[in-house]
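# Fold the following, please.
(chains A, B, C and D)
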There are 2 protein chains.
Amino acid sequence: MTNEATKTTRKSAPKPANRRTGAKASASSKPKPASSRAERAAERRGAIIAAAMDEFIARGFAATRLDDIAKRAGVAKGTIYLHFKDKESMFEELIRTAIVPLVTRLWATPPQPGASVRDMVEGFAKTFIEEVAATRRGDLVRLIVAEGPRFPEVADFYYREVVSRGLAGMRALIELGIARGEIQHKNLARFPQIMVAPALIAVIWQSLFSRHAPLDALEMFQVHLDLIFGERRTA
Amino acid sequence: MTNEATKTTRKSAPKPANRRTGAKASASSKPKPASSRAERAAERRGAIIAAAMDEFIARGFAATRLDDIAKRAGVAKGTIYLHFKDKESMFEELIRTAIVPLVTRLWATPPQPGASVRDMVEGFAKTFIEEVAATRRGDLVRLIVAEGPRFPEVADFYYREVVSRGLAGMRALIELGIARGEIQHKNLARFPQIMVAPALIAVIWQSLFSRHAPLDALEMFQVHLDLIFGERRTA
DNA sequence: TGACAATGACTGACTAGTCAGTCATAAATG
DNA sequence: CATTTATGACTGACTAGTCAGTCATTGTCA
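You can find the predicted model right below:
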């Protein structure tokens, strides 16, 4: 997904068949007005966002070229400026756009009322590892870590929307576990970060070291939960 | 080669007070031979490395200008190229240069033979948090996380020299703890990452969120150790 | 030891190239 | 056909890397 195969195609000959009529709805031989202007504008915006996400993740903010984003999105460079003020605000808006569904996804865990706290945390971690750590979304997290210090707005937003809320939720869960007697360590509620730490490690490991030594994040998280809740089954 | 008179006019007036005699050792009125050519060359190399480290940490690889590094180091841009092949290899060599003392520092923990495993891990973590997480060295770690995917050589080196060794050492410590009966969770030896996770969290937190919510990394690590070794004192 | 020549570390103006952002023009739309 | 939307050639600012020239230091010799 992050390959730069684009280079080969460069601009040889093929006359890329204006995609306004062609590419979008390949089947429609006639320019059916099915999609209103606004709809197609939104589609393009989406294509730009997706392309930009790939490029930013692969190269980082500074090294990403708008020409590449445009090419990948199948639009002209000028079109980007119909949707975004400049590269910087595009980046910021991008992150914001991407984070919302990410958080939604994570909080969409079925809140089984009968489940134990461990089951809830486990389900949460499973979702996180499968939907974030093991996918391109994980690289988004890494991107935020990487560029955060240079984009305080992004770091702020991420703190407010993800970190702060996530930790608050986790703290509530821990306190529930303590109240129910599932968790013995009362101090854990003071540092919900500990509960989440291995998940973040998994994200970083995935990006940097999985080539050298694959890491079974779910296994690891199970062991971590054993520390907190006690061994599940007598190993 | 096409120019003619330009060269002669070159640096007509300002005569920038050659800094070889002046700036370097401002106090030394006489050109004391204390510093041989080679010595001062090494000094300059050191200055370049320090300056480059600051700039790369602050801006990331792509956004860092060699002009800025040169200015900060107090040398001309050309001088950089007497010491490094190009920007990229400078970056790579830089990381390598910086990591070695970092690892040395960490392994320099006094290996008290009488100490408990918990004490050893605690001492280790204390060193790490004080010497890395709370200092500019922590930003180096973040820099590696940030640029790693674009510099596989750097990521490889970091894995080999730091991660791999660190985890091996930690695993040995955990196994010792299990053998001694200090640690109950046998599976922990399979994932030494868990032991280390909160320390890494602390590094990232420090760079990104400490403005919003300061984090007492040592406290957090204590709680984490309580999970692994059992409560130290009845809280 | 003093004078002079050789050395090479250092400089910074310069080149060649890159890329964010613009805008005159063209295409689609209604 | 008037208006909205898209295009991509173009511009100007910026920067990695070069190299002819400078000069403090070192070496040599009388």
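# Between the two ends of stretch A:69-81, how far is it?
When the termini of stretch A:69-81 are compared using Cα to Cα, to the nearest Å, they are 12 Å apart.
# and it, average pLDDT?
Regarding stretch A:69-81, the rounded mean pLDDT is 96.
# How far away from the center of its chain is it?
22 Å (Cα atoms, centre = their mean, to the nearest Å).
# in it, what's buried?
For stretch A:69-81, a neighbour-count test (16 or more other Cβ atoms under 10 Å in any protein chain shown) marks A:69-75, A:79-80 as buried. For every residue, glycine as well, the C-beta is placed using N, CA and C.
# Verify the contact between residue A:84 and residue A:92 for me.
No - with contact defined as Cβ atoms under 8 Å, residue A:84 does not count as touching residue A:92 (9.6 Å).
# And the next helix or strand past the worst-scoring helix or strand of chain A on mean pLDDT?
Sorting the helices and strands of chain A by mean pLDDT, DSSP states H and E puts helix A:6-9 at the bottom, at a mean of 32. Tracing the chain past helix A:6-9, the next element assigned as helix or strand by DSSP states H and E is helix A:37-59.
# follow-up on the earlier one: which ones among the buried residues of stretch A:69-81 lie within strands?
In strands, defined here by DSSP state E, there are no members of these.
# Would you check which pair of the residues you listed lies furthest apart?
Using Cβ to Cβ, these reach their maximum pairwise distance at A:72 and A:79, which is 12.5 Å.
# and chain A, what are its domains?
Listed domain ranges for chain A are A:6-84, A:95-229 (source: automatic domain parsing).
# Point me to the residue of chain A nearest DNA strand D.
residue A:78 (2.0 Å; Cβ to the nearest atom of the strand).
# Now do the same contact list for that residue.
Residue A:78 is in contact with no residue at all, counting by Cβ atoms under 8 Å, 6 or more residues apart in numbering or on different chains.
# Which residue is the nearest non-sequential neighbour of the residue nearest the centre of chain A?
Nearest residue to the geometric centre of chain A (Cα atoms, centre = their mean): residue A:137, 2.7 Å. Counting by Cβ to Cβ, 6 or more residues apart in numbering or on different chains, residue A:137 lies nearest to residue A:102, which is 5.9 Å off, once chain neighbours are set aside.
# Show me where chain A has its strands.
Under DSSP E, chain A gives no strands.
# In it, what residue comes closest to chain B?
Relative to chain B, the nearest point of chain A is residue A:146 (3.3 Å; Cβ to the nearest Cβ).
# nearest residue to that residue other than its sequence neighbours?
Nearest to residue A:146 is residue B:146, by Cβ to Cβ, 6+ apart, at 3.3 Å.
# Repeat that for residue A:47.
residue A:73 (4.4 Å).
# Need the contact partners of stretch A:223-235.
Residues external to stretch A:223-235 that are found in contact with it (Cβ under 8 Å, 6+ apart): A:117-118, A:121-122, A:125, A:177, A:182-185, A:188, A:195, A:198, A:222, B:185-188, B:190-191, B:194, B:227-228.
# picking up where we left off before, let me have the buried residues of stretch A:69-81 in JSON lines, extended by distance to residue A:210.
JSON lines is the format used below for the buried residues of stretch A:69-81 (distance: Cβ to Cβ, whole Å):
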{"residue": "A:69", "distance to residue A:210": "27"}
{"residue": "A:70", "distance to residue A:210": "31"}
{"residue": "A:71", "distance to residue A:210": "29"}
{"residue": "A:72", "distance to residue A:210": "25"}
{"residue": "A:73", "distance to residue A:210": "28"}
{"residue": "A:74", "distance to residue A:210": "31"}
{"residue": "A:75", "distance to residue A:210": "33"}
{"residue": "A:79", "distance to residue A:210": "36"}
{"residue": "A:80", "distance to residue A:210": "33"}
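# Now flag whichever of those residues is closest to residue B:208.
Of all the buried residues of stretch A:69-81, residue B:208 sits closest to residue A:69, with 25.5 Å by Cβ to Cβ.
# what about that closest one, distance to residue A:55?
5 Å (Cβ to Cβ, to the nearest Å).
# and the residue lying closest to residue A:202 once chain neighbours are set aside, what does it touch?
Closest residue to residue A:202 apart from its sequence neighbours, by Cβ to Cβ, 6+ apart: residue A:217 at 3.7 Å. Contact analysis of residue A:217 by Cβ under 8 Å, 6+ apart lists A:129, A:133-134, A:198-199, A:202, A:205-206.
# With that, I have no additional questions.
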